[in-house]
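In: Here is my input, please return the structure:
(3 chains)
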Amino acid sequence: MTDAPILSVDDVQVAFPVGGLMKRSAILGVAGVSFSVRPGETFALVGESGSGKTTLARAINGLQAISRGTITFDGDRIDNLNKAQMKAVRKRMSMMFQDPVGSLSPRMTVGDLVTEPFRIHGAEGRDLRAEAARLLTLVGLPADFATRYPHQLSGGQARRVGVARAIALDPALIIADEPTAGLDVSVQGEVLNLLNDLRERLGLAMVIITHNLHVVHHVADRTAVMYLGRFVEIGETEEMFANPHHPYTAALLSANPEPDPDKVHDRITLPAEVPSLLARPEGCEFHTRCPWGKEKCRVEAPPPGDVACHFPLEPGADPPITEPAL
Amino acid sequence: MSEAASNAPVPQSSEWMRSLKRLLREPLGVFGLALVLLVIFGAVFADFLTQWDPTRINPRVRFEGPSGEHLLGTDQLGRDLLARVLHGGRIALYVALVSTAISLAVGIVLGLIAGYGPRWLDNLMILVFDAMKSFPTVMLALALVTITGPSLTAVILVVILVNVPGYARIVRTQTIAIKTSEFVTAAQSAGASTARILRVHIMPNVIGPLVILASMDIPVVIAIEAGMSFLGLGVRPPTPSWGSILNDGFAQIRETPWIAIAGGIPIIVTTLGFTFLGETLRDVFDPRLKGR
Amino acid sequence: MSTLSISGLNVFFSTEDGPLHALKDVAFEVPERKIVGIVGESGCGKSTLINAILGLLADNGEVRSGQILFEGSHELTQLSKVEMQNLRGPRISTVFQDPMGALNPVLSVGQQMVNIQYRDDASKAQKAARAVEMLQLVRIPDAESALGRYPHQFSGGMKQRIAIAMALMMEPALLIADEPTTALDATLEVTTIELLKDLQKKIGCSVMFISHHLGVIAELCDDVVVMYAGEVVERGTVRDVFHAPGHPYTRRLLECDPARQTERTRILPTIPGEIPDLRARPQGCVFAARCLQQHLGCDQPQVEQNLGHDHAARCNLADEVSNQEVSA
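Out: Predicted coordinates:
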């Protein structure tokens, strides 16, 4: 691991225009986030649906324009590139999408799918059939899968094909959007093990996006928790799991039902629903749902830092002040 | 139930063979296929099936009924009707194939542009398609023929103008639905060019249902050719066409009905055959299109 | 008396490559006022089971043998279409993963909730009052004004709660819930489970809760039925099954759950392999190809072994398996 980050995201904001002709305004899908990923590191973005994690990933990959901030990849700014310049970046940064089968072009064979990156970026002098066999073997699929079509694959197999496609050009960074979505528990582990293994062998950096904190636990070195387009907490994964400092992180961690009927849950229930991005709460944006919320939280936004909270939780914190009602 | 089936190992037999098998299990499809093959056979081997030249005029045998010599009889100029019907089949199939193929090609290109291109272009193209569609076929044919004169090319042009707006609209709708799907985003994210996305990722997914729908339009094309030739706007004499045979027989339908029958039966057989075949193909290949 | 009692159920689908044996000798009970979880991964036959109960099998599907006894008196496999329709809704209701399946986008929530009470003689005002009461039960804030709103005006979690309210409105004897929390975020998932538990107690119905999420089952259910490749491989109380699983598949499934691993590990447990082709079921145990505990008897048909009161596993080694510690 060198110290120079492969990816740096600095104060990035993504705005979506809303409203009609008369009353135009914008909502912030991503409202100013900063983080960096070093080579060989796995960084996780965690948050519930609508928290902006997928938008952020698309922004890094250049699929979504940003309205403020900078994105630096491998030492160069990439947020202001044109299509041709971005193509060169994409050779070194690949993205995996949520739906294992749906992200594979349905009329293409597995062999064509995994070698498509070569076709796009110039395959001169490569034996594509051999490359397909090599990539399939690398992700643990038999080489004769090359003749199959996506609908003939199970979710886990399709996901492996997606991984093979993502590593085809030896990228420096892989962005994986919900890599275990739609997979059975018995297969989920396989995919995470595979990603871990490849990261070690190929020295990749990875950004994993997920809503399942427990998936993150085993694979990510550092984790950021997103809420309404902002990071509420960012830090070392293990440290965060042991001592969540932001009430939202703590609630997410406690919300995980475990397969043990006798487990006593001292669960942090979050009252009310996630506020709309059109009407962001004043003060701390989490105060409408925070069981520990105080007067200060209502009026004053928390100071910038790794934990966006006026009153970060300490190990063995007091139970919530108010009994939350849904 | 699909969940159980999807996880099972997949047999390696090709999808085409399975669909063909399924087609052969449908009585209506087999019937349609037989009729279509009959027409194609007649057109291809016309020269072997009859020794008569379809354009040879023989005033001595005018209006002769069916006989051993002339199996379907002769027309007002003494031309052999069987030869004219068989060669007319060539014209009908030629028009059907050429015009459908061109319509498909043009429709796909225009549809992809409208569906994938900028919003304003889409709106403009839709406006043009709708304007074209609202034109009655007969008016269109008359207008075109006044410019080009009656000819086979005129027939083909009319068919293309009639078909293209519909095909382009189907392709456009499908393209719009597909262009936001994850596999297209994945291709964009891999750096694929717009041309590649259209050609490799979108086109193969819109072409299947469209070809099936187009095969169901073949009877319409054949009817347009026959209709225009009947009205004298299409194939020019002495070239045989089912429509012109029908027209020849129409004047003397009371006295010599066999001429009109000889021109009419092949039209019925061909349109029925293609309709049955097309509908069965649609059900076999893409059950979702049922009822379109 | 059990609300639902299934025995010897065999369901086949005719496919181009021959008959597909989707459910094989399925037998279990949903006792009165109990929540029974059905666990299994894709391809285990959960959806076929639901469709067989509701009489909604696809055209190429067929119940070849077996019984589905509802409230001790209705043999669901023998009922006519109309009789079945009369049961669905008022007596057996359903909640699915996507709440929009139950909600009509062009009708207001209130209209829909009044409409489903069409069998009642009550006045419209009474029906509306009942709807408000139901919405309050599922904790929709400001229930009265919610009646006038349309489904798209609610968040995903609220839509699912409204769907639950509608399903329970007629106080059915059996609620079939098919992965109702899968599409919800973690924090909403737990609140929805707790809500469902509360409502079930209040209404006194039985619930058949289908999920692949073991944690949710553990928290919500009384009994659990584990399915694999169309067979019930294990059933019993949640405590028995999760603490002393008798079938190797159950054991492996429990080990795979990432929530179970509290220690950080770089290598997660998995179950390599695929479910067998249901058109050519193996003679012996269905799980044998993926099982780590093979022995001589695995190529023989497996007999359900009793492991205690109402706890059984379809594995000849069940006794041995259930005595092992669950690792991780």
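
In: Going by C-alpha atoms from here, please, whenever you check contacts or count neighbours.
Out: Noted.

In: So for C:Gln283, what pLDDT did the model give?
Out: Here, the pLDDT recorded for C:Gln283 equals 87.

In: Looks like it contacts C:Gln300 (just checking).
Out: Yes. Between C:Gln283 and C:Gln300 there is a contact under C-alpha atoms under 8 Å: 6.5 Å.

In: Following element in sequence after the lengthiest helix in chain C, please.
Out: What stands out as the longest helix in chain C, according to DSSP state H, is helix C:186-203. Scanning forward in sequence from helix C:186-203 by DSSP states H and E, the next helix or strand is strand C:206-211.

In: Check whether the following helix or strand past that next one comes near chain A.
Out: Using DSSP H and E, the next helix or strand after strand C:206-211 towards the C-terminus is helix C:214-220. Yes. Using C-alpha under 8 Å from any C-alpha of the partner chain, helix C:214-220 reaches chain A at C:214-219.

In: can I get the CA coordinates of the lowest-mean-pLDDT helix or strand in chain A in PDB?
Out: The helix or strand of chain A with the poorest confidence is helix A:213-219; it has a mean of 82 (mean pLDDT, DSSP states H and E). The C-alpha trace of helix A:213-219 is given here as PDB (Å, rounded to 0.1, in the frame of the first residue of the first chain):
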ATOM      1  CA  LEU A 213     -23.700  -3.200   7.000                       C
ATOM      2  CA  HIS A 214     -22.900  -6.800   7.800                       C
ATOM      3  CA  VAL A 215     -21.600  -7.500   4.300                       C
ATOM      4  CA  VAL A 216     -19.200  -4.600   4.700                       C
ATOM      5  CA  HIS A 217     -17.900  -5.900   8.000                       C
ATOM      6  CA  HIS A 218     -15.900  -8.600   6.400                       C
ATOM      7  CA  VAL A 219     -14.600  -6.900   3.300                       C
END
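
In: strands paired with the very next helix or strand once past it, and their directions?
Out: Once the chain leaves helix A:213-219, the next helix or strand it forms, by DSSP H and E, is strand A:222-227. Using DSSP bridges, the strands paired with strand A:222-227 are strand A:42-46 (parallel), strand A:230-236 (antiparallel).

In: Return the most buried member of those.
Out: Of those, the one with the most neighbours on average (mean count of other C-alpha atoms under 10 Å in any protein chain shown) is strand A:42-46, at a mean of 27.

In: roughly how far is it from the heart of the chain?
Out: Computed by C-alpha atoms, centre = their mean, to the nearest Å, the chain-centroid distance of strand A:42-46 equals 5 Å.

In: which residues sit against it?
Out: Strand A:42-46 is contacted from outside by A:37, A:53, A:205-213, A:216, A:219-226, using C-alpha atoms under 8 Å, 6 or more residues apart in numbering or on different chains.

In: swap the cut-off to 7 Å and go again
Out: A:37, A:53, A:205-211, A:213, A:216, A:219-226 (C-alpha atoms under 7 Å, 6 or more residues apart in numbering or on different chains).

In: what angle separates the very next helix or strand once past it from strand A:222-227?
Out: Counting by DSSP H and E, the next helix or strand C-terminal to strand A:42-46 is helix A:53-60. For helix A:53-60 against strand A:222-227, the angle by axes from the mean of the first three to the mean of the last three C-alpha atoms, to 10 degrees is 120 degrees.

In: is any part of helix A:53-60 close to chain B?
Out: No. Using C-alpha under 7 Å from any C-alpha of the partner chain, we find that helix A:53-60 stays clear of chain B, coming within 8.8 Å at best.

In: Report whether that helix contacts chain C.
Out: No. Helix A:53-60 stays clear of chain C (C-alpha under 7 Å from any C-alpha), getting no nearer than 13.7 Å.

In: Just the CA trace of that helix, in PDB.
Out: Listed next in PDB are the C-alpha coordinates belonging to helix A:53-60 (Å, rounded to 0.1, in the frame of the first residue of the first chain):
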ATOM      1  CA  LYS A  53     -24.700   6.200  -2.500                       C
ATOM      2  CA  THR A  54     -25.500   5.000  -6.000                       C
ATOM      3  CA  THR A  55     -25.600   8.600  -7.300                       C
ATOM      4  CA  LEU A  56     -22.100   9.100  -5.800                       C
ATOM      5  CA  ALA A  57     -20.800   6.000  -7.500                       C
ATOM      6  CA  ARG A  58     -22.200   7.100 -10.800                       C
ATOM      7  CA  ALA A  59     -20.600  10.500 -10.400                       C
ATOM      8  CA  ILE A  60     -17.200   8.900  -9.700                       C
END
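
In: State the next helix or strand along the chain beyond that helix.
Out: In N-to-C order, the element after helix A:53-60 by DSSP H and E is strand A:68-73.

In: Helices of the chain, start to end?
Out: Since you didn't name a chain, this refers to chain A. A:53-60, A:83-92, A:110-121, A:128-138, A:155-167, A:185-202, A:213-219, A:237-242, A:247-254, A:295-299.

In: meant chain C actually
Out: Using DSSP H, helices in chain C cover C:46-54, C:81-87, C:109-115, C:124-137, C:143-146, C:156-168, C:186-203, C:214-220, C:238-243, C:248-256, C:318-322.

In: average pLDDT for the last one?
Out: Which is helix C:318-322. 77.

In: can you pull the contacts of the spatially most central residue of chain C?
Out: Residue closest to the average C-alpha location in chain C (C-alpha atoms, centre = their mean): C:Ile210, at 2.4 Å. The neighbours of C:Ile210, taking C-alpha under 7 Å, 6+ apart as the test, are C:37-39, C:177-179.

In: Please name the bridge partners of it.
Out: C:Ile38, C:Asp178.

In: Report the separation between the residue in the stretch 101-250 of chain B positioned nearest to chain C and C:Val303.
Out: Taking C-alpha to the nearest C-alpha as the measure, the stretch 101-250 of chain B has B:Glu182 as its residue closest to chain C, at 18.5 Å. Remark: distance between B:Glu182 and C:Val303 (C-alpha to C-alpha, to the nearest Å) = 46 Å.

In: which one of those two has more residues nearby?
Out: B:Glu182 (20 against 15; other C-alpha atoms under 10 Å in any protein chain shown).

In: Test my guess that C:Ile275 contacts C:Ala229.
Out: Yes. Distance between C:Ile275 and C:Ala229: 6.3 Å, which falls inside the contact criterion (C-alpha atoms under 7 Å).

In: higher neighbour count, those two?
Out: C:Ala229 (27 against 22).

In: show me the residues around the more buried one that make contact.
Out: Neighbours of C:Ala229 in contact, by C-alpha under 7 Å, 6+ apart: C:43-45, C:275.

In: State which helix of chain B is the longest.
Out: Longest helix in chain B, counting by DSSP H: helix B:81-116.

In: Flag every buried residue along that helix.
Out: B:81-97, B:99-100, B:102-104, B:106-116 (16 or more other C-alpha atoms under 10 Å in any protein chain shown).
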